[in-house]
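**Student:** Pasting the sequence and the predicted coordinates here, then a few questions.
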Amino acid sequence: MDPIIALFCIQVLDSNYEGKNAYIRIKTSEKDIVSQTRKVRSLCPTWDEGSKILVKRSDIRVNLVFELCKGKNAQYEAVLRFDQFMEEYPSCTINEQVLVMNDMNGNLSDVELRITAEWKNQDDVNMWFWNGFLKNFDEDKSNTISKNELLDLLDALQCDLPQYTIDQIFELTDINEAEEFSFENFINIIQDDDGSGLKQIFDNNSLINENAIWNTAAFCDTDDVDVIILERLFGPKGKLNKMDKLDPSHQIYFQDRETGCIVKEKIPMYIKNSIRMLYNTRAGRFCFKGKGKKILQKLSEKQGRKYKSKKSIKDIRPFIKFHNINMDEALHEIDHFDCFNDFFIRKLRPGIRPIDPDPTVAVSPADCRLNVYQTLDQAKEIWIKGKEFTLHNLLENEVLEQEFENCSLVIARLAPQDYHRFHFPISGHVGEVVFQGNALYTVNPIGVRGFVDVFTENKRKTVIMENDVFGKVMYIAVGATMVGSIVLTSEENEFVNKGDEHGYFEFGGSTILLLFQENRIIFDEDLVLNSAKCTETYVKMGTRIGISPYEIVDSEEELYRTARDVSELTISSSGE
């Protein structure tokens, strides 16, 4: 057995080398190339690029080689010994090094390379991992883990433990009888066998075994460690999977805004496999070049007829059970519905979704998985990968295109298990409905982040809302596979109140797009940060998603707009 004993973090800063088109190649003396900097055209090149290297016990006396290259050929090289560095500097200490380089004949030169180097031992890597991981389940931000938070953590890691087992763990380990662990105590418990069995639970979990923790530290570029990162990095047996580590088609996760927990979306396996076949394979791409659109159209029509028949009543209870739908929120009991589609477009009890009353606040139009982007370019860079997704193709109207130039975007995705009626996010006047598109691609992230242009080709119904606070807001209801029908229940050319019903989608997944004119909305910080990480946030209809940069001042029965201090309310997509 050859265990990993250290993580080396190298940052290549700069060099006094004066040649053009130079770059640094990092490798070991016994293995293939580990990393290389970008080539730059500068007389004084600055690479400022890093590399992380896992060091096994057998690698301890291996040299880390830095080659200064032009084209494919190395011109100079310098070495750093793992064991010598680890003996001289303690773990988690960043040290700047100036390496004097030799030419390729071994002769000392005047060329110097400036780097920073740091190594981390197993205890420090474990501490980094668990501190970052536990923050995702610390709902009250107290740096402690309670019983309920531990249950959520175990559920996210697919550890099925009954409540009494959790009680036993706390009885054996909760010294202060506070029914919660500090992060430090929790980490000590899972690293040392105290008889509670908690260490064994995590040792046997494929997502967080020793190998998984080392590899997460090596491949993760953030301190925010969560189940999404683990699932993307590792297969079902905890084995590193470089090909799939950033592939969202493996699983779909979102963060529940109310609980803060990371949740894996439940999708029947036959649907998941069908979507992956259509949108992630060459055969699927070929299908869309031919009769793919007609196939999806016929599939949607067939499924629509099925779920409107009396026979479909038998599908209601299994659907509720599979998705764990809370029917206490529904206006009617199960026996009230005449078919599956009646259940699917069910109404909720009055008052079950409170609407934020602040007129300067925009709310979620639906129970949905939400992404927000301050610009369309940002949305295309992070989330929407269709080649033809542009404002021109989305609106198909040159006048509106000019009015919504540099607009902000809300993507509200409704999964089949969600409440499928949608509502108005602000109060204001509603214009006429415009019908667009003819396709019915999936709005699942697999499709949106694939090669098809979901939002600009799918069937959609568009209206413009307007008020003094937010200006004009484009409201686009987008149909999807098995959602051929977008039914609007609101009236055209009428004034509506925030939270009023606008319509409903029939069976399937679907999406609402909201376009706010430039500088008309400042999205909530948690939504911005999650969206920048390609993570959807589950929000309920009526809850706040953003605020206008203007406040309303009531003076002599007239409304005036006063600019807020936008600098205090805006947060960048990088979270800085």
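**Tutor:** Arrived safely, thanks for sending. Numbers count the residues shown, from 1 in each chain.

**Student:** List the buried residues in the helix or strand containing Gln200.
**Tutor:** Following DSSP states H and E, one finds Gln200 within helix 198-203. For helix 198-203, a neighbour-count test (16 or more other CB atoms under 10 Å) marks 198, 201-202 as buried. For the C-beta atoms, the positions are set from N, CA and C on the backbone; glycine is no exception.

**Student:** hang on, Ser312 in a helix?
**Tutor:** Yes. Counting by DSSP: H, G, I helix; E, B strand; the rest coil, Ser312 is located in a helix.

**Student:** Now for it: which residues touch it?
**Tutor:** 306, 339-341 (CB atoms under 8 Å, 6 or more residues apart in numbering).

**Student:** I'd like to know which of the buried residues of helix 198-203 is nearest to Ile313.
**Tutor:** When the buried residues of helix 198-203 are compared for distance to Ile313 (CB to CB), Ile201 wins out at 42.0 Å.

**Student:** How much space separates the closest one from Leu157?
**Tutor:** The gap separating Ile201 from Leu157 is 9 Å, by CB to CB, to the nearest Å.

**Student:** And Leu348, by the same measure?
**Tutor:** 32 Å.

**Student:** can you pull out the helices in the stretch 51-200 of the chain?
**Tutor:** 82-88, 122-134, 147-156, 163-173, 183-191, 198-203 (DSSP state H, counting those that start in this stretch).

**Student:** Who are the packing partners of the last one?
**Tutor:** By that I understand helix 198-203. Under the contact criterion of 3 or more CB pairs under 8 Å, 6 or more residues apart in numbering; DSSP states H and E, helix 198-203 touches helix 183-191.

**Student:** buried ones in the helix it packs on?
**Tutor:** Under 16+ other CB under 10 Å, the buried positions of helix 183-191 are 183, 185-187, 189-190.

**Student:** Next: stretch 411-418.
**Tutor:** Buried residues in stretch 411-418 (16+ other CB under 10 Å): 411-418.

**Student:** With stretch 133-153 instead?
**Tutor:** Within stretch 133-153, the residues scored as buried using 16+ other CB under 10 Å are 133-138, 144-147, 149-153.

**Student:** low pLDDT regions in the stretch 51-200 of the chain?
**Tutor:** For the stretch 51-200 of the chain, the stretches with pLDDT under 70 are 155-156, 158-179, 193-197.

**Student:** A helix includes Ala362, no?
**Tutor:** No. Counting by three-state DSSP, Ala362 falls outside a helix, being strand.

**Student:** residues contacting it?
**Tutor:** 425-426, 470, 473, 514, 516, 521, 544-548.

**Student:** Please identify which pair of these lies farthest apart.
**Tutor:** Val473 and Arg544, at 15.2 Å, using CB to CB across those.

**Student:** the more surrounded of the two?
**Tutor:** The neighbour comparison of Val473 against Arg544 (other CB atoms under 10 Å) goes to Val473, with 26 against 17.

**Student:** any idea how far the more buried one is from Val363?
**Tutor:** 12 Å.

**Student:** Overlap of the contact sets of those two?
**Tutor:** Common neighbours of Val473 and Val363 (CB under 8 Å, 6+ apart) are 425-426.

**Student:** so how far does stretch 361-379 reach from one end to the other?
**Tutor:** By CA to CA, to the nearest Å, the extent of stretch 361-379 from end to end equals 22 Å.

**Student:** In that stretch, which residues are buried?
**Tutor:** The neighbour-count check on stretch 361-379 (16+ other CB under 10 Å) flags 361-374, 376, 378-379 as buried.

**Student:** okay, now the nearest residue to Val372 once chain neighbours are set aside: neighbour count?
**Tutor:** Spatial nearest neighbour of Val372, excluding adjacent residues (CB to CB, 6 or more residues apart in numbering): Phe523 at 4.2 Å. Residues near Phe523, counting by other CB under 10 Å, number 26.

**Student:** CA atoms of the host helix or strand of Leu527 as PDB?
**Tutor:** Using DSSP H and E, Leu527 falls within helix 525-532. Extracted C-alpha coordinates of helix 525-532, given in PDB (Å, rounded to 0.1, in the frame of the first residue of the first chain):
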ATOM      1  CA  GLU A 525     -26.800  37.700  -2.200                       C
ATOM      2  CA  ASP A 526     -27.400  34.000  -1.600                       C
ATOM      3  CA  LEU A 527     -29.000  33.600  -5.100                       C
ATOM      4  CA  VAL A 528     -26.100  35.400  -6.800                       C
ATOM      5  CA  LEU A 529     -23.400  33.300  -5.000                       C
ATOM      6  CA  ASN A 530     -25.100  30.000  -5.800                       C
ATOM      7  CA  SER A 531     -25.700  30.900  -9.400                       C
ATOM      8  CA  ALA A 532     -22.000  31.800  -9.800                       C
END
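
**Student:** For the helix or strand following that helix, which outside residues touch it?
**Tutor:** Later in the chain than helix 525-532, the nearest helix or strand by DSSP H and E is strand 536-539. With CB under 8 Å, 6+ apart as the contact definition, strand 536-539 has outside contacts at 254-257, 263, 364, 367-371, 413, 445, 526-527, 530-531, 545.

**Student:** related to what we said a few turns ago, can you add secondary structure and distance to Arg57 and give the buried residues of stretch 411-418 back as TSV?
**Tutor:** Listed next are the buried residues of stretch 411-418 as TSV, based on DSSP: H, G, I helix; E, B strand; the rest coil; distance: CB to CB, whole Å:
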residue	secondary structure	distance to Arg57
Ile411	strand	48
Ala412	strand	51
Arg413	strand	47
Leu414	strand	51
Ala415	coil	47
Pro416	coil	50
Gln417	coil	48
Asp418	coil	51
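
**Student:** For those residues, name the two members farthest from one another.
**Tutor:** Counting by CB to CB, the most remote pair of the buried residues of stretch 411-418 is Ile411 and Gln417, 18.2 Å apart.

**Student:** can you count the residues close to Ser91?
**Tutor:** Using other CB under 10 Å, Ser91 has 15 other residues around it.

**Student:** contacting residues for it?
**Tutor:** By CB under 8 Å, 6+ apart, the contact set of Ser91 is 119-121, 123-124.

**Student:** try 7 Å this time
**Tutor:** Residues in contact with Ser91, defined by CB atoms under 7 Å, 6 or more residues apart in numbering, are 119-121, 124.
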